[in-house]
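Colleague: Could you look at this predicted model? Sequence included:
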Amino acid sequence: MRVIVVGAGVVGTMHAWHAVERGHEVVHIERESEARGASLRNFGQIWVSGRAGGEELDTALRARELWEGIGARVPGLGFRPNGSLTPLRTGLELAVAEAALARPDAAARGYKLLTADEARALNPALRGDFEAALWCERDAAVEPRTAQLALKQALLASGRYTFLGGREVRDVVGAGAVRDDHGDVHTGDVVVLCTGAWLGGLVRELVPDLPVRRVRLQMMQTAPLGEPLTTSIADADSFRYYPAYASEALDALNAGQAQDPTAAAHKMQLLMVQREDGGLTIGDTHEYEHPFAFDVLEEPYEHLVRVVESFLGRPLPTIQRRWAGVYAQCTDTSRVVHRQRVRDGVWLVTGPGGRGMTCSPAIAEQTANELGW
């Protein structure tokens, strides 16, 4: 079988990976010279802890398994099973963690409630004040700025993979056939459009009423911390954001413990992971109303610095990079992804939202299974 994959972000690259793994030939088309969108502008977290139960958790756990296997074969991914800690400071926050521990799927997520001393033993960089921490053993991380490049090199080594960068697909010209902006036609047995947050142009023509929206976020990265941050870190505002923490205890937290005004205004949570060079990737905000601002605002960064420094008990290293990213999310946020046959032999796969990095291997595996690759 010959598979045409459009879009070289993590979702598209994982579709190419599964096709090559199953013995097929892949032509991979990307409008930039290399991927530059949300797949690079993220934490690199394989985030199981906050996922909704049922299909979403099943997808995340399967993806976590796949990431670990692929990471063993492709060291350039920088896969590491570092887990995550959410430090807790108030009784209301602790109650949400205890409610999460009572979930029937808590063991599958690797939840455990730790004392402050136990959390510091696991992650000695946490020298700030907190009373306890929620540990999620199943969370992991990869290096987002290099993951696609590492996967691409592994795919090229197969001899069944062709990468065509700097080409934008403009038209579907037949069953399993597309034309790019160089005028070249690429024909296969199937085309999979994994165009991420690029929802205009051809995608709009194919699906005018696509139930997917774009979301913008702000993030930053620091100079090396100078010591290991052995786990990923979240704050209790993540309880308000992730569906796994929905409970009467969360309702009480929302009613009785207001968010910081800046965090509330920008729909914020803290997520933080250390990169292989020692720097920290820190975020994030959520902006849903279009048109998005073209600039980034300083107040969210100042809020994140305060929160991080309060956990670390020390000044944050110099901020070296700030950026905004945009990802595609199903308007029905309970859906893991939008997968649709848009023409004979042509499928669109988009809208995983903030799950994209986490769930992409399992999303692509499901596509391959459904299409009979």
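Modeller: Arrived safely, thanks for sending.
Colleague: List the contacts of the spatially most central residue of the chain.
Modeller: Compute the mean C-alpha point of the chain, and by CA atoms, centre = their mean the closest residue is residue 357, 3.3 Å away. Counting by CB atoms under 8 Å, 6 or more residues apart in numbering, residue 357 touches 10, 39, 42-47, 142, 144. All C-beta atoms are positioned from the backbone trio N, CA, C, and that covers glycine.
Colleague: What segments of this protein are helices?
Modeller: All helices of the chain, identified by DSSP state H, fall at 10-21, 55-73, 91-101, 106-109, 116-122, 144-156, 201-206, 237-241, 248-256, 261-265, 298-312, 356-371.
Colleague: which of the contacts of residue 357 has the most neighbours?
Modeller: Ranked by neighbour count (other CB atoms under 10 Å), those have residue 10 at the top, with 32 neighbours.
Colleague: Next one: the residue lying closest to that residue once chain neighbours are set aside, what pLDDT does it get?
Modeller: With CB to CB, 6 or more residues apart in numbering as the criterion, residue 10 has its nearest non-adjacent residue at 4.1 Å, and that residue is residue 39. Looking at residue 39, its pLDDT reads 84.
Colleague: starting at the chain centroid, how far to stretch 336-350?
Modeller: Relative to the chain's own centre, stretch 336-350 is displaced by 20 Å; criterion: CA atoms, centre = their mean, to the nearest Å.
Colleague: Could you give the average pLDDT over it?
Modeller: Average pLDDT, stretch 336-350: 98.
Colleague: Can you give me the end-to-end span of that stretch?
Modeller: 10 Å (CA to CA, to the nearest Å).
Colleague: ok, now stretch 250-265?
Modeller: Note: stretch 250-265 ends 19 Å apart using CA to CA.
Colleague: List of residues touching that stretch?
Modeller: Outside of stretch 250-265, the residues within contact range by CB under 8 Å, 6+ apart are 90, 92-93, 95-96, 99, 236-237, 239-240, 268-269, 299-300, 302-303.
Colleague: Tell me, how many residues neighbour residue 106?
Modeller: Using other CB under 10 Å: residue 106 sits among 15 other residues.
Colleague: give the contact list for it.
Modeller: Going by CB under 8 Å, 6+ apart, residue 106 touches residue 100.
Colleague: how close does it sit to residue 96?
Modeller: 13 Å (CB to CB, to the nearest Å).
Colleague: Same question for residue 140.
Modeller: For residue 140, the distance to residue 96 equals 23 Å [CB to CB].
Colleague: just the contacts of stretch 250-265 now: which is nearest residue 80?
Modeller: residue 269 (21.9 Å; CB to CB).
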